[in-house]
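# predicted model follows, preceded by the sequence.
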There are 4 protein chains.
Amino acid sequence: MITYERKAFYHETDQMGVIHHSNYFRWLEEARVYFLDKLGLSYKHMEEIGIISPVVSIAAEYKKPVKFDDVVIIYIRIAKYTGIKLELEYEIRDRSTNDLMVKAESKHCFIKNNSVISLKREYPSFDKIFHEYVINQDK
Amino acid sequence: MITYERKAFYHETDQMGVIHHSNYFRWLEEARVYFLDKLGLSYKHMEEIGIISPVVSIAAEYKKPVKFDDVVIIYIRIAKYTGIKLELEYEIRDRSTNDLMVKAESKHCFIKNNSVISLKREYPSFDKIFHEYVINQDK
Amino acid sequence: MITYERKAFYHETDQMGVIHHSNYFRWLEEARVYFLDKLGLSYKHMEEIGIISPVVSIAAEYKKPVKFDDVVIIYIRIAKYTGIKLELEYEIRDRSTNDLMVKAESKHCFIKNNSVISLKREYPSFDKIFHEYVINQDK
Amino acid sequence: MITYERKAFYHETDQMGVIHHSNYFRWLEEARVYFLDKLGLSYKHMEEIGIISPVVSIAAEYKKPVKFDDVVIIYIRIAKYTGIKLELEYEIRDRSTNDLMVKAESKHCFIKNNSVISLKREYPSFDKIFHEYVINQDK
């Protein structure tokens, strides 16, 4: 399983003394970029060839607050991949205690020239990477 | 209905040329603080007397991207209020076109001295405000 | 004098219980965009015709911390305008006490097609607006 | 010399296609926290014993824009340490080209119970760490 490690920064806290809830969505994005990189699908490269992958929807449940200087591990999993849509699931866990801090999911599509595209049809090599990962991710 | 108006700032854009998806959660928080203020429940005052109201869960569906300098109106509605839990629904609409840009919901509890409290039992005057608003909000 | 009013948002605080020092630079940008708008130089329009105006340098002195829900007024002044370079000065003052919270300055150039341009030569109508404002701003 | 390495995140870009200028101040803070940690002065610990070290002033010159996914190295140096005031200098350099992207400096004091304190008098062990580092940093 691909995991992304991240330290909580001071500038990410708010006056409740914990990480502001909006920042976890930024961590998930970092984890996503890292995940795609590990799959061999650089998001930077995708944008360079004109593909963007916006967030269609996103949701999070906050279990425990992460604090400044804590280190978390983000576990990321493909929940669904159809060739057109990509759904991801995440767990943000404290590195030392393994406590589940945040549970989240996001849905994405792929857009080129302002239209939703099918990776399956237009980028079969990318499509293959996703399919193979899905088959193997829970082994 | 209580609405919150907001201009999209340059520093909230990302290199996709639109507002970064994480920033809408910050706008919702601003709308929430404004909403509570209008109800007569200053969040600043609540924190001063030791009550915090963290986000338990939050979710958003992104319909259309908001761009720099666009003005949106955020419509906020209490979906559920139990005396212990508060659930809110939001619509972020473009001020000029009325287009729905983002649909969202958030759940909150109230915490004092690190424990979840019942506003109903411990702050009946706050509880009354929520109840009366709920009864009248859709009239 | 053109002034920009701004409420301090909850998500802009950090665990020191005050606005995080990096956020003031975002407020200055908002004030700048507002200022250009008032001058009749929409920054959105400038970017649409291919001109960007990046920050060349920026500096701030923090006098007093701004807190959540406080309202500040940002006073902005052109310190220098050469047709090529633009230097701005700012004061962030508490709206109720008039206390000086932050003093700042920023330097900007104008770029088109990856090259620094002279507004004086290439956009004389924009240049005229800056010159006339400079002459009159301290009257 | 103590250096801090950092990847530029997608959510840190703006619609100019580069890292938003305000974000570099957040990177400097991360570098500062890391630097203090390496010196044996955990900022988290300092806050736990009631010392905060706010930014008194900060300034940056932007030489070249950092882009998404670029990796930078932040070089940090004590420019001055008096027992009461701490002045730091930074260079943000591209890891692959060694190009200077941003040059910056920040001034800090130490506060306990709302008053500026002298580390020299009140925390001689911390004071010693700073002094010894200053003597050796350029060797």
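Structure's in. What do you need? Quick caveat, the model's predicted, so the values are computed rather than measured.
# switch to C-alpha atoms for all contacts and neighbour counts from now on
Fine.
# what about the strands in chain A?
A:3-7, A:51-52, A:55-62, A:71-81, A:85-94, A:100-109, A:111-112, A:115-116 (DSSP state E).
# any idea how far the residue of chain A most remote from its centre is from D:V116?
Going by C-alpha atoms, centre = their mean, the residue of chain A most distant from its centre is A:Q15, 26.7 Å out. Distance, A:Q15 to D:V116, by C-alpha to C-alpha, to the nearest Å: 21 Å.
# and A:M16, by the same measure?
Distance from A:M16 to D:V116, by C-alpha to C-alpha: 24 Å.
# list the contacts for the most centrally placed residue in chain A?
With distances taken as C-alpha atoms, centre = their mean, the residue of chain A nearest its centroid is A:R32 (3.0 Å). Applying C-alpha atoms under 8 Å, 6 or more residues apart in numbering or on different chains, we find A:R32 in contact with A:I76.
# in chain A, where's the longest helix?
Looking across chain A with DSSP state H, the single longest helix is helix A:23-39.
# report the angle between that one and strand A:71-81.
For helix A:23-39 against strand A:71-81, the angle by axes from the mean of the first three to the mean of the last three C-alpha atoms, to 10 degrees is 70 degrees.
# number of residues surrounding the nearest residue to A:K38 once chain neighbours are set aside?
Closest residue to A:K38 apart from its sequence neighbours, by C-alpha to C-alpha, 6 or more residues apart in numbering or on different chains: A:I2 at 7.7 Å. A:I2 sits with 14 neighbouring residues when counted by other C-alpha atoms under 10 Å in any protein chain shown.
# state the distance from A:I2 to A:N136.
Between A:I2 and A:N136 the distance is 12 Å, computed by C-alpha to C-alpha.
# quick one: pLDDT of the residue lying closest to A:D99 once chain neighbours are set aside?
The spatially closest residue to A:D99, leaving aside those adjacent along the chain, is A:R93, at 5.3 Å (C-alpha to C-alpha, 6+ apart). As predicted, A:R93 sits at a pLDDT of 98.
# ok, A:R93 touching A:M101?
Yes. A:R93 is within contact range of A:M101, at 5.4 Å (criterion: C-alpha atoms under 8 Å).
# quick one on the thing from earlier: list the beta-bridge partners for the residue nearest to A:D99.
Residues in a beta bridge with A:R93, per DSSP bridges, are A:I73, A:L100.
# show the contacting residues for it.
By C-alpha under 8 Å, 6+ apart, the contact list for A:R93 reads A:V72, A:I73, A:I74, A:Y75, A:D99, A:L100, A:M101, A:V102.
# ok, A:I51 next?
Contact analysis of A:I51 by C-alpha under 8 Å, 6+ apart lists A:F110, A:I111, A:K112.
# that older thread, where does the residue farthest from the centre of chain A land on pLDDT?
Taking A:Q15 on its own, its pLDDT is 97.
# dump the residue contacts of it.
C:Y10, C:T13, C:D14, C:Q15, C:M16, C:G17, C:V18.
# could you rerun that using 10 Å?
If a contact means C-alpha atoms under 10 Å, 6 or more residues apart in numbering or on different chains, then A:Q15 has B:47, C:10-20, C:67-68 as its contacts.
# from those, which would you call buried?
C:10-20, C:67-68 (16 or more other C-alpha atoms under 10 Å in any protein chain shown).
# put together TSV for those residues, with distance to D:S53 on each row.
TSV is the format used below for those (distance: C-alpha to C-alpha, whole Å):
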residue	distance to D:S53
C:Y10	21
C:H11	21
C:E12	18
C:T13	16
C:D14	13
C:Q15	12
C:M16	10
C:G17	13
C:V18	13
C:I19	14
C:H20	13
C:K67	17
C:F68	20
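# from those residues, which ones fall inside helices?
Counting by DSSP H, none of the members of these fall within helices.
# tell me the one of these nearest chain B?
Within the buried ones among the contacts of A:Q15, distances to chain B taken as C-alpha to the nearest C-alpha reach their minimum at C:H11, with 6.4 Å.
# ok, and the closest non-adjacent residue to the closest residue to chain C within chain A?
With C-alpha to the nearest C-alpha, the shortest gap between chain A and chain C falls at A:D14, namely 3.8 Å. Among residues not flanking A:D14 along the chain, C:D14 sits closest, at 3.8 Å (C-alpha to C-alpha, 6+ apart).
# which residues touch the nearest residue to A:D69 once chain neighbours are set aside?
Excluding the flanking residues, the one nearest A:D69 by C-alpha to C-alpha, 6+ apart is A:A8, at 5.1 Å. Applying C-alpha under 10 Å, 6+ apart to A:A8 gives the contacts A:18-19, A:23-24, A:27, A:66-72, D:30.
# average pLDDT for stretch A:131-139, rounded please.
The predicted model assigns stretch A:131-139 a mean pLDDT of 91.
# got the contact list for it?
For stretch A:131-139, using C-alpha under 10 Å, 6+ apart, the contacting residues are A:1-2, A:39, A:76-83, A:120, A:128.
# if any of the residues you listed are buried, put those into a ChimeraX selection.
The ChimeraX command for the buried members of these (criterion: 16+ other C-alpha under 10 Å) is given here:
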select /A:76,77,78,81,83,120
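# contact residues of chain A facing chain B?
Chain A has residues A:15-16, A:20-26, A:29, A:47, A:52-65, A:102-107 near chain B, with proximity defined as C-alpha under 10 Å from any C-alpha of the partner chain.
# so which bits of chain A are right by chain D?
So chain A meets chain D at A:7-12, A:23, A:25-27, A:29-30, A:33-34, A:42-44, A:68-70 (C-alpha under 10 Å from any C-alpha).
# weed out the non-buried ones from the residues you listed.
When these are checked for burial by 16+ other C-alpha under 10 Å, the buried set is A:7-12, A:23, A:25-27, A:29-30, A:33-34, A:42-44, A:68-69.
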